[in-house]
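Q: just the structure for this:
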Amino acid sequence: MRRFLSNRTLAVVSVGAVLAASVSPLGAVDIFKARMLTGKAPVEPPMVNVQIEVTSWTTPEEIRAFQQTLDLEGTDAFLAAFSRADKGVVRFMSTRGFNLPVHAALTVPTEKGKNILLFFNRQQWDSGARQAVGRNFFMVIELKLNEKGKGEGRFYEDARIRLDGGLGKIKMETYESAPKLFPQVQEIFKKAEEKKKK
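A: Down below sits the predicted model:
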């Protein structure tokens with residue numbers, strides 16, 4: 001059964017759903033490289049390199065378990081759980097070099113490839129920009145990739161999230177500000193990396 005939640009409760013729920021796999025693996029299991037339009041030209045470079053490292057993926061069981069935690073323990077328990085969850089990191093390869101922790105990571109198959117959804121606490125990630133006051137508690141990166149691992153993406157800095165415990169999914173319900181664009185995204189396949197080492 002779908003649950004439509006208020007901003008605060010929803011935010012907590014969706015993100016808290018990820019804690020079950022908070023043990024950090026030895027390294028990233030999936031890596032994606034992207035180029036992001038900054039929207040700051042000509043004052044700063046028009047594009048910045050971004051590297052996304054996913055160490056583990058959020059499972060439906062985790063989402064259902066954390067929905068139960070929300071029901072039994074409330075919003076604060078979910079907020080704490082979400083902040084402890086570790087699914088990887090997004091590295092902005094700029095002079096400021098900010099690393100954004102990933103707290104939930106989903107991969108959704110499509111007819112021509114897959115979509116990747118990454119969820120974060122909403123925070124000031126760009127020290128050179130003034131963060132506008134927002135109504136939501138999360139940020140989301142969405143990547144749309146074809147069967148060759150190539151595609152595009154968007155970075156939503158002020159998003160509201162919906163938890164679907166019945167299906168074991170987390171979705172972005174809405175967002176406030178215009179997203180930053182990733183016109184180029186490429187998944188780095190392990191086989192290709194191994195060949196380079198040889």
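Q: how far is stretch 170-188 from where the chain is centred?
A: 9 Å (Cα atoms, centre = their mean, to the nearest Å).
Q: output that stretch as CSV, restricted to C-alpha atoms.
A: Extracted in CSV, the C-alpha atoms of stretch 170-188 (Å, rounded to 0.1, in the frame of the first residue of the first chain):
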residue,chain,number,x,y,z
ILE,A,170,11.6,5.1,-2.8
LYS,A,171,10.6,7.7,-5.4
MET,A,172,11.0,11.4,-5.8
GLU,A,173,7.6,13.0,-5.5
THR,A,174,8.4,16.6,-6.3
TYR,A,175,11.1,19.2,-6.2
GLU,A,176,11.4,23.0,-5.8
SER,A,177,14.3,24.4,-7.7
ALA,A,178,15.4,23.7,-11.3
PRO,A,179,17.8,20.7,-11.3
LYS,A,180,21.5,20.9,-12.4
LEU,A,181,22.0,18.9,-15.6
PHE,A,182,24.5,16.0,-16.3
PRO,A,183,24.6,16.0,-20.1
GLN,A,184,27.2,13.2,-20.1
VAL,A,185,27.1,10.1,-17.9
GLN,A,186,29.1,6.9,-18.3
GLU,A,187,29.1,3.8,-16.2
ILE,A,188,32.7,2.5,-15.7
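Q: what comes up buried for it?
A: For stretch 170-188, burial by neighbour count (16 or more other Cβ atoms under 10 Å) applies to 170-173, 175, 179-182, 184-185, 187. From N, CA and C alone the C-beta is placed, and that goes for glycine too.
Q: biggest separation within these, which pair?
A: 173 and 184 (27.3 Å; Cβ to Cβ).
Q: thinking again about what came up before, of the buried residues of stretch 170-188, closest to residue 135?
A: residue 175 (10.1 Å).
Q: right, and the closest one touches residue 138 too?
A: No. Assessed by Cβ atoms under 8 Å, residue 175 is found out of contact with residue 138, at 9.3 Å.
Q: mutual contacts of the two, please.
A: Shared contacts of residue 175 and residue 138, defined by Cβ atoms under 8 Å, 6 or more residues apart in numbering, are found at 159-160.
Q: okay if I get the buried residues of stretch 170-188 as a markdown table plus pLDDT, distance to residue 116 and secondary structure?
A: Below are the buried residues of stretch 170-188 laid out as a markdown table (pLDDT from 0 to 100; distance: Cβ to Cβ, whole Å; DSSP: H, G, I helix; E, B strand; the rest coil):
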| residue | pLDDT | distance to residue 116 | secondary structure |
| --- | --- | --- | --- |
| 170 | 89 | 12 | strand |
| 171 | 90 | 13 | strand |
| 172 | 93 | 12 | strand |
| 173 | 92 | 18 | strand |
| 175 | 94 | 17 | strand |
| 179 | 94 | 15 | coil |
| 180 | 94 | 16 | strand |
| 181 | 96 | 15 | strand |
| 182 | 97 | 11 | strand |
| 184 | 97 | 15 | strand |
| 185 | 98 | 9 | strand |
| 187 | 97 | 9 | strand |
